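Trainee: coords below, sequence missing:
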(Lines give C-alpha, C1' and ligand atoms only; values in the text may rest on other atoms or scores of the structure.)
Protein backbone atom coordinates (compact mmCIF):
# COMPACT_ATOMS: atom_id res chain seq x y z
CA UNK A 1 0.00 0.00 0.00
CA UNK A 2 1.30 3.42 -0.96
CA UNK A 3 0.87 6.20 1.60
CA UNK A 4 1.08 9.84 0.56
CA UNK A 5 1.80 12.25 3.41
CA UNK A 6 0.36 15.74 3.19
CA UNK A 7 2.60 18.66 4.13
CA UNK A 8 0.25 19.31 7.08
CA UNK A 9 0.72 15.71 8.26
CA UNK A 10 4.51 16.03 7.97
CA UNK A 11 4.51 19.28 10.01
CA UNK A 12 2.33 17.76 12.72
CA UNK A 13 4.36 14.54 12.77
CA UNK A 14 7.60 16.45 13.37
CA UNK A 15 6.02 17.97 16.51
CA UNK A 16 5.24 14.57 18.07
CA UNK A 17 7.41 13.28 20.90
CA UNK A 18 10.00 10.62 20.02
CA UNK A 19 7.89 8.05 21.91
CA UNK A 20 4.75 8.86 19.89
CA UNK A 21 6.73 8.78 16.64
CA UNK A 22 7.92 5.28 17.52
CA UNK A 23 4.37 4.12 18.25
CA UNK A 24 3.09 5.79 15.06
CA UNK A 25 5.67 3.93 12.97
CA UNK A 26 4.59 0.61 14.50
CA UNK A 27 0.92 1.37 13.90
CA UNK A 28 1.68 2.40 10.30
CA UNK A 29 3.26 -1.02 9.69
CA UNK A 30 0.08 -2.66 10.97
CA UNK A 31 -2.01 -0.28 8.86
CA UNK A 32 -0.09 -1.20 5.69
CA UNK A 33 -0.93 -4.88 6.25
CA UNK A 34 -4.54 -4.39 7.36
CA UNK A 35 -6.07 -0.89 7.67
CA UNK A 36 -8.97 -2.39 9.63
CA UNK A 37 -6.94 -4.32 12.19
CA UNK A 38 -8.76 -4.18 15.55
CA UNK A 39 -5.54 -2.85 17.12
CA UNK A 40 -5.94 0.39 15.12
CA UNK A 41 -9.57 1.08 16.03
CA UNK A 42 -10.14 2.42 12.50
CA UNK A 43 -13.34 4.42 12.18
CA UNK A 44 -15.14 6.50 9.57
CA UNK A 45 -15.47 10.21 10.30
CA UNK A 46 -18.64 12.23 9.89
CA UNK A 47 -19.66 15.84 9.38
CA UNK A 48 -17.08 18.18 7.90
CA UNK A 49 -14.43 15.42 7.98
CA UNK A 50 -16.48 13.04 5.82
CA UNK A 51 -15.26 11.01 3.73
CA UNK A 52 -12.10 10.67 5.86
CA UNK A 53 -11.21 7.91 8.27
CA UNK A 54 -9.05 7.83 11.41
CA UNK A 55 -7.10 5.26 13.38
CA UNK A 56 -5.58 5.34 16.85
CA UNK A 57 -1.86 5.56 17.51
CA UNK A 58 -2.39 6.00 21.27
CA UNK A 59 -5.23 6.61 23.68
CA UNK A 60 -5.30 10.28 22.75
CA UNK A 61 -3.64 10.51 19.31
CA UNK A 62 -5.06 9.72 15.87
CA UNK A 63 -4.12 9.77 12.21
CA UNK A 64 -6.76 11.11 9.82
CA UNK A 65 -6.56 9.57 6.37
CA UNK A 66 -8.46 9.06 3.14
CA UNK A 67 -8.58 6.09 0.78
CA UNK A 68 -7.62 7.31 -2.71
CA UNK A 69 -7.84 3.76 -4.09
CA UNK A 70 -7.39 0.20 -2.85
CA UNK A 71 -3.63 0.64 -3.06
CA UNK A 72 -3.21 4.33 -2.18
CA UNK A 73 -3.98 6.27 0.99
CA UNK A 74 -3.50 9.94 1.89
CA UNK A 75 -2.47 10.72 5.48
CA UNK A 76 -3.90 14.19 6.18
CA UNK A 77 -3.31 14.90 9.86
CA UNK A 78 -1.86 13.46 13.07
CA UNK A 79 -2.31 14.57 16.65
CA UNK A 80 -4.62 14.54 19.64
CA UNK A 81 -8.37 14.95 19.40
CA UNK A 82 -7.94 18.63 18.48
CA UNK A 83 -7.15 17.52 14.91
CA UNK A 84 -10.87 16.83 14.48
CA UNK A 85 -11.52 20.55 14.98
CA UNK A 86 -8.97 21.84 12.44
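Mentor: That came through, no problem. Computed from a predicted structure; not experimentally measured.
Trainee: list the contacts of residue 15.
Mentor: Contacts for residue 15 were tallied using CB atoms under 8 Å, 6 or more residues apart in numbering; they are residue 79. Every C-beta, even on glycine, is put in place using the N, C-alpha and C of the backbone.
Trainee: next one, pLDDT for it please.
Mentor: Residue 15 carries a pLDDT value of 96.
Trainee: can you map out the strands along the protein?
Mentor: Taking DSSP state E as the criterion, the chain carries its strands at 2-5, 43-44, 53-56, 61-67, 72-80.
Trainee: closest to residue 19 out of these?
Mentor: Taking CB to CB, strand 61-67 is the member of the strands of the chain nearest to residue 19, at 10.7 Å.
Trainee: contacting residues around the longest helix along the chain?
Mentor: Secondary structure of the chain per DSSP state H: the longest helix is helix 18-33. The contact list for helix 18-33 (CB under 8 Å, 6+ apart) reads 1, 3, 13, 16, 37, 39-40, 55-58, 61, 63, 78.
Trainee: then stretch 68-83?
Mentor: Contacts of stretch 68-83 (CB under 8 Å, 6+ apart): 1-6, 8-9, 12-13, 15-16, 24, 35, 52, 57, 60-67, 86.
Trainee: adding mean neighbour count, write the strands of the chain out as TSV.
Mentor: TSV is the format used below for the strands of the chain (neighbours: other CB atoms under 10 Å):
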stretch	mean neighbour count
strand 2-5	13
strand 43-44	11
strand 53-56	20
strand 61-67	21
strand 72-80	19
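Trainee: quick one: these as CSV, columns for mean pLDDT and distance to residue 30 too.
Mentor: Output for the strands of the chain, formatted as CSV (pLDDT from 0 to 100; distance: least, CB to CB, whole Å):
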stretch, mean pLDDT, distance to residue 30
strand 2-5, 96, 13
strand 43-44, 96, 15
strand 53-56, 96, 9
strand 61-67, 96, 12
strand 72-80, 95, 13
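Trainee: what residue is smack in the middle of this structure?
Mentor: residue 63 (2.1 Å; CA atoms, centre = their mean).
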